[in-house]
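> give me the fold of what follows.
(one chain, ligands or ions: 1)
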Amino acid sequence: MASLETTDAPEERKLKAKDYAGPTARWCPGCGDFSILSTARRLLEAEQLMPEQTLFVSGIGCSSRFPHYLKTYGFHGIHGRALPLALGARLRRPDLNIFVVMGDGDCTSIGAGHWIHGVRYNANMTVMLLDNNIYGLTKKQTSPTTPRQYVTNTQPQGSYLEPLDPLAVTLGVANASFVAQTADWIPAHLLATLRAAHAHKGLSFVRILQRCPKWTPDIMDAKVKLPHEVQVLEHEDGIVDPKIMKMYKNHLTHDPSDLDAARELCAPSGWTRIGLFYKNESMGVYDDIRRSPDISPDGKLREIEAEFDRYSI
Ligand code: SF4
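Next up, the predicted model:
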């Protein structure tokens, strides 16, 4: 992790995006992760999140190198386990801004159990799923989001199964409270989405369509080159950015409080939909439910002694 040393007192600090930059990122040229990383730095600047109050947690994969490239705290964890690590940090440190970065192989395959229960726990954190439809780091292996019949190195005759839709799965989990989709090549929308996700209390799940020019160039390229196939979800309670509305002509009015409508939007349609699918601020937040009452050191000691007394003979 890069140094967090600062010289100014917190009240005098005004950080710029470049102040959050760690070492030079090592991804393939043209990788969508670069855009997501620079947008994350812009988010940190826009929200003035202090590096020592901010934690990025990741699993394993190309995108999971993310914490190395930011001058915040970071935890590059193990495959599929970013969410339990982040939940542990959340429960001990209610003051931190917590972001979780996972790839599709990491989150939707080996980490699928943690994904489902992480959404259900609805702890306060922003989850970024960088979905490039492939295992990139292990050189073009089929992932759960790889399109059917797509040729990969593990299924050279074409992927056998229909892909899993991360939005549909998340929307099917009890207690889901914020579900959105955006894309690395639309940085204004990406930034607006991450700001809305960070502002939400509870677990915000943001699927980011991510270009992988090394292994799946054709999949996302088609979406980048065909902006008329992008449909922007529009609502006063959604992610509103007039610039995006101007850039993309196809809009769909969608009330993000309507869960059934959000689920219907996940059905195959030919559209690449971006925006806020669902938001519900009344769901129980795990860190509130499990928060221990504030207690003085003397009070803690009394509780421990009382606990020991239960076992005295
Ligand atoms: Fe990015 Fe794909 Fe290269 Fe990984 S393999 S760094 S996802 S372009």
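> for the stretch 101-250 of the chain, which residues are neighbours of the ligand?
132, 136, 212, 213, 214, 215 (CB under 6 Å from any ligand atom). C-betas here are computed from N, CA, C, even on glycine.
> same list, those, but as TSV with pLDDT, distance to residue 226 and secondary structure please.
Output for these, formatted as TSV (pLDDT from 0 to 100; distance: CB to CB, whole Å; DSSP: H, G, I helix; E, B strand; the rest coil):
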residue	pLDDT	distance to residue 226	secondary structure
132	98	18	coil
136	96	23	coil
212	98	18	coil
213	97	17	coil
214	97	21	coil
215	97	20	coil
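> which SS state does the residue positioned nearest the centre of the chain fall under?
Computing the C-alpha centroid of the chain and ranking residues by CA atoms, centre = their mean puts residue 128 first, at 1.4 Å. Three-state assignment for residue 128 (DSSP: H, G, I helix; E, B strand; the rest coil): strand.
> show me what contacts it?
36, 40, 99, 100, 101, 102, 194, 206, 208 (CB atoms under 8 Å, 6 or more residues apart in numbering).
> how about the helix or strand harbouring residue 44 and the ligand, touching?
Following DSSP states H and E, one finds residue 44 within helix 32-47. Yes. Judged by CB under 6 Å from any ligand atom, helix 32-47 comes into contact with the ligand through residue 33.
> could I get the following helix or strand past that helix in CSV with only the CA atoms?
For helix 32-47, the following helix or strand on the C-terminal side (DSSP H and E) is strand 54-58. Taking only C-alpha atoms (Å, rounded to 0.1, in the frame of the first residue of the first chain), the coordinates of strand 54-58 have been written out as CSV:
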residue,chain,number,x,y,z
THR,A,54,-11.2,4.9,3.4
LEU,A,55,-10.7,1.2,2.7
PHE,A,56,-10.7,-0.7,-0.6
VAL,A,57,-11.1,-4.5,-0.3
SER,A,58,-10.7,-6.9,-3.2
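> strands of the stretch 151-300 of the chain, start to end?
Residue ranges of the strands in the stretch 151-300 of the chain, as given by DSSP state E, counting those that start in this stretch, are 178-183, 203-209, 230-234, 251-253, 272-279.
> got any ranges where the stretch 51-200 of the chain has weak pLDDT?
For the stretch 51-200 of the chain, no stretch is flagged by pLDDT under 70.
> that older thread, relative orientation of the helix holding residue 44 and strand 54-58 in degrees?
Between the axes of helix 32-47 and strand 54-58, defined by axes from the mean of the first three to the mean of the last three CA atoms, to 10 degrees, the angle is 160 degrees.
> got a list of contacts for helix 32-47?
Under the contact criterion CB under 8 Å, 6+ apart, helix 32-47 has outside partners 15-21, 25, 27, 49, 51, 54, 56, 62-63, 65-66, 69-70, 72, 97, 99, 128, 130, 132, 184-185, 187, 190-191, 194-195, 198, 208-212, 220.
> got the angle between it and strand 178-183?
Going by the same axes, to 10 degrees, helix 32-47 makes 120 degrees with strand 178-183.
> any buried residues in helix 32-47, and which?
Applying a neighbour-count criterion of 16 or more other CB atoms under 10 Å, one finds 32-45 buried in helix 32-47.
> need those in TSV (columns: pLDDT).
Below are the buried residues of helix 32-47 laid out as TSV (pLDDT from 0 to 100):
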residue	pLDDT
32	98
33	98
34	98
35	98
36	98
37	98
38	98
39	98
40	98
41	98
42	98
43	98
44	98
45	98
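> need those residues in JSON lines (columns: distance to residue 251).
Formatted as JSON lines, the buried residues of helix 32-47 follow (distance: CB to CB, whole Å):
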{"residue": "32", "distance to residue 251": "24"}
{"residue": "33", "distance to residue 251": "28"}
{"residue": "34", "distance to residue 251": "28"}
{"residue": "35", "distance to residue 251": "23"}
{"residue": "36", "distance to residue 251": "24"}
{"residue": "37", "distance to residue 251": "29"}
{"residue": "38", "distance to residue 251": "27"}
{"residue": "39", "distance to residue 251": "22"}
{"residue": "40", "distance to residue 251": "27"}
{"residue": "41", "distance to residue 251": "29"}
{"residue": "42", "distance to residue 251": "25"}
{"residue": "43", "distance to residue 251": "24"}
{"residue": "44", "distance to residue 251": "30"}
{"residue": "45", "distance to residue 251": "29"}
